[in-house]
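> What follows is a protein structure lacking sequence information:
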């Protein structure tokens, strides 16, 4: 009975923590890519009718990196910025999928390799929910108080998870022909 109560009370938090860590590492990588290669993001924003320029794409990239680093390092209310960015990405990608915008990339990684798909909408939405859950519970995406070995394993998981999420978002849609390309 004690194990059941413990599982019920900690499982949502642990899942949210893991998803948020992966999402924030991916957000940092995305921001870095946008900063150095802003054209795919500018093009995607332009196709969606949003204000777009290389400067705007780079500012978005820098904002993503700042949100990711502060969210990972400080947690709590600092995760709000990541949650808001992922909410915006969810809405943007949903609109791109629903309107079947003729774009080869949502601009996530500064390259034309991440087509907007329903899978992308789901990832962004789950990331938004996980980050918001941690904001409302005052938790962190990284368990900094854990012993060093556990913390190292956790951070390794977050990096591997982010890379796998990138592969799923960029390669799986092309492999399964799920893209919205004309």
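Right, received. Where do you want to start? Just so you know, these numbers come straight off a predicted model, no measurement behind them. Numbers count the residues shown, from 1 in each chain.
> For residue 102, which three-state class applies?
Of the three states, residue 102 takes coil under DSSP: H, G, I helix; E, B strand; the rest coil.
> Run through this structure and note the low-pLDDT ranges.
1-11, 104-107, 109-113, 177-182 (pLDDT under 70).
> Longest helix in it, by number of residues?
Longest among the helix segments of the chain by residue count, using DSSP state H, is helix 2-36.
> and that helix, how far out from the chain's middle?
Distance of helix 2-36 from its chain centroid, counting by CA atoms, centre = their mean, to the nearest Å, is 10 Å.
> Give the next helix or strand downstream of it.
Proceeding N to C from helix 2-36, the next assigned helix or strand is helix 39-47, under DSSP states H and E.
> Off-centre distance for that following helix?
18 Å.
> now it against helix 2-36, angle please.
90 degrees (axes from the mean of the first three to the mean of the last three CA atoms, to 10 degrees).
> tell me what helix 39-47 is packed against?
helix 54-74, helix 79-98 (3 or more CB pairs under 8 Å, 6 or more residues apart in numbering; DSSP states H and E). Every residue, glycine included, has its C-beta placed from N, CA and C.
> Next, the angle from the shortest one to helix 2-36.
Just to be clear, that refers to helix 79-98. 70 degrees.
> who touches helix 79-98?
Outside of helix 79-98, the residues within contact range by CB atoms under 8 Å, 6 or more residues apart in numbering are 20, 23-24, 27, 44, 47-48, 50, 63-64, 66-68, 70-71, 101, 103, 106, 108, 116-118, 120-121, 124-125, 127-128, 131-132, 134-135, 140-141, 180.
> just to revisit the earlier point, just name the most buried of the helices and strands packed on helix 39-47.
helix 79-98 (a mean of 20; mean count of other CB atoms under 10 Å).
> sorry, back to before: of the contacts of helix 79-98, grab the buried ones for ChimeraX.
Of the contacts of helix 79-98, the buried ones go into a single ChimeraX selection, burial set by 16 or more other CB atoms under 10 Å:
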select :20,23,24,27,44,47,48,63,64,66,67,68,70,71,101,103,106,108,116,117,120,121,124,125,127,128,131,132,134,135,140,141,180
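> returning to what we had before: adding distance to residue 168, write the helices and strands packed on helix 39-47 out as CSV.
Converted to CSV, those look like this (distance: least, CB to CB, whole Å):
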stretch, distance to residue 168
helix 54-74, 19
helix 79-98, 14
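> Nearest to residue 13, out of these?
helix 79-98 (13.0 Å; CB to CB).
> right, and the helix or strand after the closest one?
Assigned by DSSP H and E, the successor of helix 79-98 is helix 118-137.
> now the angle from that next one to helix 2-36?
Going by the same axes, to 10 degrees, helix 118-137 makes 120 degrees with helix 2-36.
> got the buried residues for the helix or strand following helix 118-137?
On the C-terminal side of helix 118-137, the nearest following helix or strand under DSSP H and E is helix 148-170. Across helix 148-170, burial judged by 16+ other CB under 10 Å covers 154, 158, 161, 162, 165, 166, 169, 170.
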